[in-house]
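1. any chance you can model this:
(one chain, ligands or ions: 1)
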Amino acid sequence: MVVRRSRRARRWTIDLPWGEPARLTVPAAMPDVEIDRVLRAHRDWIAEERARQRPRLGLDRRSVSELEGRRAARELVHMLVEEEALALGVEVNRIQIRDQRTRWGSCSPNGNLSFNWRLVLAPFDVLDYVVVHEVCHLREANHSRRFWRLVESRRPSWRDQRDWLARHGPELLAFRPAA
Ligand SMILES: [Zn+2]
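-> Okay, the predicted model is just below:
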């Protein structure tokens, strides 16, 4: 556990970044006994969260460089975007493969799509779902019921993929290939 005092912190917060030590950030003036109390009170909770964060994807055994990953992702993503854009009758402007820390894909109002290269390490259906999700945003630029109906019409089992991302996404996002 790393304890960090911060002048800007108004109250304490605990972060549990995947694969890194837990981090307690406290206001600069917080007394040590208070810090100890917070740590004691949350020890079980931290252990439980950590247990849920056990690596399950075996990513450490995948000897893939970011370059290879990006290449493979680009190929698959382009293929799927093309297919889906044609089916939905939407125009795609630009497709980017990026090294995002917190998201899987995004869609800008001018038709630019971007995708996290790490999707190529997920099951194919998951990559496929993220692509379809973003292409659907070219028709519905929000998460309205109409949007989800559209996604459902294109990929009826999309909830399985969403659940996979909720369960395994943090581990995948934290993956850094060995240089
Ligand atoms: Zn969305």
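2. skipping adjacent residues, who's closest to the residue sitting nearest the centre point of the chain in space?
-> For the chain, residue 103 is the residue whose C-alpha lies nearest the centre (CA atoms, centre = their mean; 4.2 Å). Residue nearest to residue 103 in three dimensions, not counting chain neighbours: residue 116, with 6.6 Å by CB to CB, 6 or more residues apart in numbering. Just so you know, the C-beta spots here come from the backbone N, C-alpha and C atoms, and that holds for glycine as well.
3. contact partners for residue 105?
-> Neighbour list for residue 105: 113, 114, 115, 116, 119, 130, 131, 133, 134 [criterion: CB atoms under 8 Å, 6 or more residues apart in numbering].
4. related to what we said a few turns ago, okay, now the residue nearest to residue 103: neighbour count?
-> Other residues lying near residue 116 total 26 when counted by other CB atoms under 10 Å.
5. and it, its phi and psi?
-> With angles defined as degrees, to the nearest 10, residue 116 sits at phi -80, psi 130.
6. now swap in residue 77 and tell me
-> phi -60, psi -40.
7. now for it: which residues touch it?
-> For residue 77, the contacting residues are 95, 97, 115, 119, 127, 131, by CB under 8 Å, 6+ apart.
8. so which of those residues are in helices?
-> By the criterion of DSSP state H, membership of these in helices covers 127, 131.
9. turn the contacts of residue 77 into TSV, columns for neighbour count, pLDDT and distance to residue 12.
-> Shown next, in TSV, are the contacts of residue 77 (neighbours: other CB atoms under 10 Å; pLDDT from 0 to 100; distance: CB to CB, whole Å):
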residue	neighbour count	pLDDT	distance to residue 12
95	18	98	42
97	22	97	38
115	28	98	36
119	25	97	35
127	24	98	38
131	27	98	40
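10. could you export the contacts of residue 77 as a markdown table, including distance to residue 25?
-> A markdown table is the format used below for these (distance: CB to CB, whole Å):
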| residue | distance to residue 25 |
| --- | --- |
| 95 | 37 |
| 97 | 33 |
| 115 | 32 |
| 119 | 31 |
| 127 | 35 |
| 131 | 36 |
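11. looking at the contacts of residue 77, which is nearest residue 149?
-> Checking the contacts of residue 77 against residue 149 by CB to CB gives residue 131 as the nearest, at 18.2 Å.
12. that closest one and residue 80 touch, don't they?
-> Yes - applying CB atoms under 8 Å as the test, residue 131 and residue 80 come out as touching, 4.3 Å apart.
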